[in-house]
Every structure is written in C-alpha cells, then in structure tokens.
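S.K.: need a structure here:
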Amino acid sequence: MASKKVVVAGATGLVGNAALRHFGTSAPCEVVALSRRKPRDLYGARHVAIDLTSEADCRRAAAELQGATHLIYAALYEAPQLVDGWRDQQQIKTNDLMLRNLMSALEPVAPDLRHVALLQGTKAYGVHVRPLTVPAREGRSEMYEQPNFYWAQENFLRELQTGKAWHWSILRPVLIVGLAMGGAMDLIPPLGVYAAMLREQGRPLDYPGGAARVSQAVDVDLLARAIAWSGEAKAAQNEAFNVTNGDVFTWENIWPAVADALGMKPGKPVPLSLAKEFPNWVDPWNALRRKHGLVSPGLAEFVGLSFQYADYSMRYSHAEPGPPSIVSTVKINRAGFTEMMDTEDMFRKWFRQAKQERLLP
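M.R.: Residues are numbered from 1 along each chain as shown. Okay, the predicted model is just below:
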C-alpha cells in the first residue's frame, strides 16, 4: 500500500482541527492542513494557506497536494446570518464552488487518491425546516426537494468518482461538540462565556434556552475517528452514515452536568438570547481575560457566529416542546464503526479542556 498522505480542508474548523489531532497523534502519516488562517495547533501537519473560493489559489496550492491519498473535506462557508443562510442560494453556490475548485486542483496531482470524506449533517433530513422522521435513516429520509449545498456537493462527487479508483464516504454528524475558536457552530465558547458572566456576578448557571426537544450530539474526536474509519473500511465506500454519541439528551436534563463541569450550581430557566446579549459582554470578557490570564481572544474572534448557534440549539424563544431530532446509527454500527460516548461526559471533557488550555476562566 502506498504511504498515506491526508489532506484536511477546513483545518481551523471544529471537525477539521479534530481530524488534524487524530491523524497527528495516531498512525504516522503525512498531513496537510488547508485553511485561510493558520490553525491554533497543527499537531505536526503542514499548513497551506488557501482560499477555496479562488480557483487560482487552489491551482497555486496543487504542488502541496501532490501524492494525496485521502481528502477530508470539512471546509464550510456560512452566511453572517447563520440560520437564514442555510437556505440561501449564494451559500449553496459558494460551498459547491469550493469543493469543485479543490478537486480540480487535487485530482491531477493525486494519482493514488483512495478516499474523499465529505461532511453533511441533519439538514440532509430537513431538520431546519420540518420535524424529522424519527429516526431519520440514510437513503430513506433525505429531503432532496429542499435546496441545500449538501446535494450540490454530493452530486458533483458522485459524478466525478464514476469509474475512478477512489471512493467517497459522507458523514452526517448531529450536534457536534468540541473546541475551535471563532467557529460558526461550536457550543463550548458561547456557553463558557455565558457561564463566566454569571459566575462573576455570583449567580448560578441559569438555563437560557426554550422548551425541550429530545436530540443527540456527537463528540468531535469520536467523529474524527469515524471519518478515519470511513477512509479504510470497504463497507464505507460510496455510502452515507449518520454519526452520534449513541445516546439522546434534552438540554434541561444535562444542564446540571454542564453547570458542574463549569464549577457552578445549576440555576432556573431564564430565557436569554446569547446572540443579542453578547455585545454587553465584550468589555467584561476583556476584563476577565486580564484577571485570569486567559489566552483566548476577544469575544467576536473567540465565539464567531456560535452565539447564534447556541440560541438555535437551545431553542431560545420556543415556548412549546419541539419535535424530537433523532437519527438512526444502525447503518454505521452494522458497517463496523461502533464507538459510543456519554453526552454528559462529553460536555465535561470539553469544558475541562477549555479551562486547562486557559481559554475559559
């Protein structure tokens, strides 16, 4: 077997950075990290600065992609109005273009290409526009009639792969939890900042969201291992898989564990839009950074669009319980990937890490 060279597109994001960590700390292989800005930690990968929306930029980077065997495509363009952007034609076009630009630069210089992993999510089942069929299953519950960049990218890959030696796999994680700075969909920074604001005032950790919805999450390191598995498993070739921790949760039920992980007492439900509130936290956050000697940056850079995502995830302003958001993981388990994680343990793990890295007080 040819030596392994893994290219990770979107290396500063939650999933891309977890993929760097996985490949950088497991079997020895060459790893190339593609992103506009340099990731906080490269885990031994080589960084190539690239703007995937630019065809010329991708061509210029082609020499660095020489001999790639695996591509993990975790790059993502999100519109500034995050949730509205999910139905935006421009957002669909941009994401489609980025994958096309990269593949047209990579394929000619990677004759030994074996696998392309592509990330989707539960928006494949229309979770953002309708109640899910419970449980949502791959190949049965997709909402192809809802415009979505997933379909543009998937159709492009299917056509491109026909008759070729390489294969693709599509991973559909649920709510992903990990630690990336300035991400669009990363809950640890916004919840950590919110908690720090309350703790400074001597208050317990009140629950800012709306009425409950039964849903699922996935630890980003577990997801990275599923992506790595998909690159080697015969059963994963040209298949789509849901990926979750293996349990279900509601925010209210895990809130005591979140509070405990942050060294606080759980409070009561006090609905609050984190996205609307955060401008009031800019100066207090800077004061906290100085007081505790934090290495995390200012709020906008630290949290990105994730305050909006936290509001969406915790269903701020919803007074009625939401329809359950549950996907089936039977397919990936049967294919051979059977890892699981307790969702409370996952939140504890990431808040502990954020404190250890001096990102949160």
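S.K.: What lies in contact with stretch 185-197?
M.R.: The contact list for stretch 185-197, computed with CB atoms under 8 Å, 6 or more residues apart in numbering, reads 14, 78, 82, 175-181, 183, 205, 208, 258-259, 262, 264, 274, 278, 281, 284-285, 288, 296, 299, 302-307, 309-310, 313, 350-351, 354, 359-361. In short, each C-beta sits where N, CA and C put it, glycine included.
S.K.: how far away is residue 159 from residue 152?
M.R.: From residue 159 across to residue 152, the span is 11 Å (CB to CB, to the nearest Å).
S.K.: sorry, that was for residue 346
M.R.: 31 Å.
S.K.: now do residue 125
M.R.: Counting by CB to CB, the separation of residue 125 from residue 152 is 17 Å.
S.K.: Of residue 159 and residue 152, which one has the most company?
M.R.: Set side by side, residue 159 and residue 152 show more neighbours around residue 152, with 17 against 8, by other CB atoms under 10 Å.
S.K.: Name the nearest residue to that one, sequence neighbours excluded.
M.R.: Spatially, and ignoring its direct neighbours in sequence, residue 152 is nearest to residue 96 (3.8 Å; CB to CB, 6 or more residues apart in numbering).
S.K.: sec struct for the one you found, please.
M.R.: In three-state terms, and counting by DSSP: H, G, I helix; E, B strand; the rest coil, residue 96 is helix.
S.K.: thinking it is in contact with residue 154, fair?
M.R.: No - using CB atoms under 8 Å, residue 96 makes no contact with residue 154, being 10.1 Å away.
S.K.: Output the below-cut-off pLDDT ranges for this structure.
M.R.: Applying pLDDT under 70 to the chain flags residues 1-2, 78-87, 182-184.
S.K.: which residues in it form strands?
M.R.: Using DSSP state E, the strands assigned to the chain run over residues 5-9, 30-35, 46-49, 70-73, 115-119, 167-173, 175-177, 205-207, 217-219, 239-243, 266-269.
S.K.: Show me what the third one is packed up against.
M.R.: So that's strand 46-49. strand 30-35, helix 55-65 (3 or more CB pairs under 8 Å, 6 or more residues apart in numbering; DSSP states H and E).
S.K.: out of these, nearest to residue 225?
M.R.: Nearest to residue 225 among these is strand 30-35; the distance by CB to CB comes to 15.3 Å.
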